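Asks: Need the 3D shape of this:
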Amino acid sequence: MSGGVAGLVAQVERTRAELSQALSDPEAASDRTRYADLNRRYSGLEEAAQLAVRWRDASGRAAEAREMLAEGEDDDFRALLKEAEAEVDVLEPLIRSAMVEPDPNDSRDVIVEIRGGTGGEEAALFARDLLDIYQRYAVERGYKVELLDVSEADAGGVKEATFAVKGDGAFSVFKHEGGVHRVQRVPATESQGRIHTSTATVAVLPEADEVDVTIDQNDLKIDVYRSSGPGGQSVNTTDSAVRITHLPTGVVVSMQDEKSQLQNKERALRVLRARLLEKAQAEQQAALRTTRQAHVGSGDRSEKVRTYNYPQNRVTDHRIGVTIPLKEQVLQGHLQAITDALQGEERRLLLEQQEADLAAASND
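Replies: Predicted structure coming up:
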């Protein structure tokens, strides 16, 4: 029997006991953010805890059978040993997998921000393409899409767009989309048939509840102004657009898509909460990365994650080396092959990190 798995089982039991004790602490119940985090972690270990109980039972039966066989050969005890060892062999990889603590944001709704990058008009058109692709993909996965704000550009492109995807696991599906997306194609205005390269940046934020991020109204500078761009007369003749500046961090969010100033303010606050949560979590992760490297790309907006090559009809994700057809799959919103590969790589790296952590702990 694997000593490594025995260590994992002990870790499951110890962690569950510690979390149970922490949840029963009256101080934890008074801190809604901490209590929600503790409860999420406790619930997340349920599967591992059940597998640990089964592993203990099967290991105990195997040990008893070995003791009996040490006193003399017996077909029944040999059959019992074989059955128990087979169960242990099945349980070990399941326990290793269940012990990989999921990203606590995975079950959250998500806010996606797309901005045209280098390439002028072509970059804005590509940003529009990404918006269409993601909306189709979200619908394909059974999620609800809520368009929060779109800043239109000339020729049908968008300068930037912000939308929410709602549904269980939305963040786990979209979180690896963050970074620089590059397109290579011949623009409609290109008379010589030359291929141009343009970019768009994508930011993916877990949507934050008010419990997760408390915003002091005194920390906010709120400006209202007239909306610009397409939207009809009523949009452009009232001060309905809202710009919120979070003074302690300097984070600025603007919304102008709705005719109502109140609606734009509510949407801006949602995005602000998401950005502040992402900022806090990014700082925590940066501190951990000095010792922990298990992540599939950083999701940073400066990291080139994917190339959309129109002449060759292919899309390549550079982090995992996966290539799928552009027109038949990606433009139709069929991104699951890439998502599955990215999630698989994330899990592989986490398992690898877990084994390294366990080995380091056993050597201490």
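Asks: Quick one: classify the residue lying farthest from the centre of the chain as helix, strand or coil.
Replies: Residue farthest from the centre of the chain, counting by Cα atoms, centre = their mean, is residue 72 at 55.8 Å. For residue 72, the assignment made with DSSP: H, G, I helix; E, B strand; the rest coil gives coil.
Asks: quick one: pLDDT of it?
Replies: pLDDT for residue 72: 81.
Asks: Next up, phi/psi of it, please.
Replies: Residue 72 adopts backbone torsions of phi 160, psi 150, taken as degrees, to the nearest 10.
Asks: and it, what does it touch?
Replies: Listed by Cβ atoms under 8 Å, 6 or more residues apart in numbering, the contact set of residue 72 is empty. Where you see a C-beta, it was placed from the backbone N, CA and C, and this is true even at glycine.
Asks: distance of it from residue 78?
Replies: Using Cβ to Cβ, to the nearest Å, we find residue 72 at a distance of 11 Å from residue 78.
Asks: shaky segments in the protein?
Replies: Within the chain, the stretches with pLDDT under 70 are 1-4, 210-212, 228-238, 284-302, 358-364.
Asks: and the longest strand for it?
Replies: Identified as the longest strand of the chain according to DSSP state E is strand 196-206.
Asks: Starting from that strand, tell me which strands it pairs with and how they run.
Replies: Its sheet considered, strand 196-206 pairs with strand 110-116 (antiparallel), strand 179-185 (antiparallel) by DSSP bridges.
Asks: Comparing those strands, which comes out most buried?
Replies: When you average the neighbours per residue for each of these (mean count of other Cβ atoms under 10 Å), strand 110-116 leads with a mean of 24.
Asks: The helix or strand that that one is followed by packs against which elements?
Replies: Downstream of strand 110-116, the first helix or strand assigned by DSSP states H and E is helix 121-140. Applying 3 or more Cβ pairs under 8 Å, 6 or more residues apart in numbering; DSSP states H and E, one finds that helix 121-140 contacts strand 110-116, strand 144-152, strand 158-166, helix 170-174, strand 179-185, strand 196-206.
Asks: what angle separates helix 121-140 from strand 158-166?
Replies: Put simply, helix 121-140 runs at 10 degrees to strand 158-166, going by axes from the mean of the first three to the mean of the last three Cα atoms, to 10 degrees.
Asks: distance between the host helix or strand of residue 353 and the chain's centre?
Replies: Secondary structure assigned from DSSP H and E places residue 353 in helix 336-363. The gap between where helix 336-363 is centred and where its chain is centred comes out at 15 Å by Cα atoms, centre = their mean, to the nearest Å.
Asks: Could you list the buried residues of that helix?
Replies: By neighbour count on 16 or more other Cβ atoms under 10 Å, the buried set for helix 336-363 is 337-339, 341-343, 345-346, 349-351, 353-354, 358.
Asks: just to revisit the earlier point, to residue 57, which of the helices and strands packed on helix 121-140 lies closest?
Replies: Residue 57 lies closest, by Cβ to Cβ, to one member of the helices and strands packed on helix 121-140: helix 170-174, at 32.0 Å.
Asks: who's in contact with that closest one?
Replies: For helix 170-174, the external contacting residues (Cβ under 8 Å, 6+ apart) are 102-103, 105-110, 112, 134, 138, 141, 143, 165, 204, 206-207, 339, 343.
Asks: Emit the PyMOL select command for whichever of those are buried.
Replies: Selection of buried members from the contacts of helix 170-174 for PyMOL, criterion 16+ other Cβ under 10 Å:
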select buried, resi 105+106+107+108+109+110+112+134+138+141+143+165+204+206+207+339+343
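Asks: Run a quick neighbour tally on residue 29.
Replies: Using other Cβ atoms under 10 Å, residue 29 has 12 other residues around it.
Asks: before we move on, what about the one 3 residues further on?
Replies: Neighbouring residues of residue 32 were enumerated by other Cβ under 10 Å; the total is 14.
Asks: Give me the number of neighbouring residues for the closest residue to residue 124 other than its chain neighbours.
Replies: Among residues not flanking residue 124 along the chain, residue 157 sits closest, at 2.8 Å (Cβ to Cβ, 6 or more residues apart in numbering). The number of residues packed near residue 157 is 20, by other Cβ under 10 Å.
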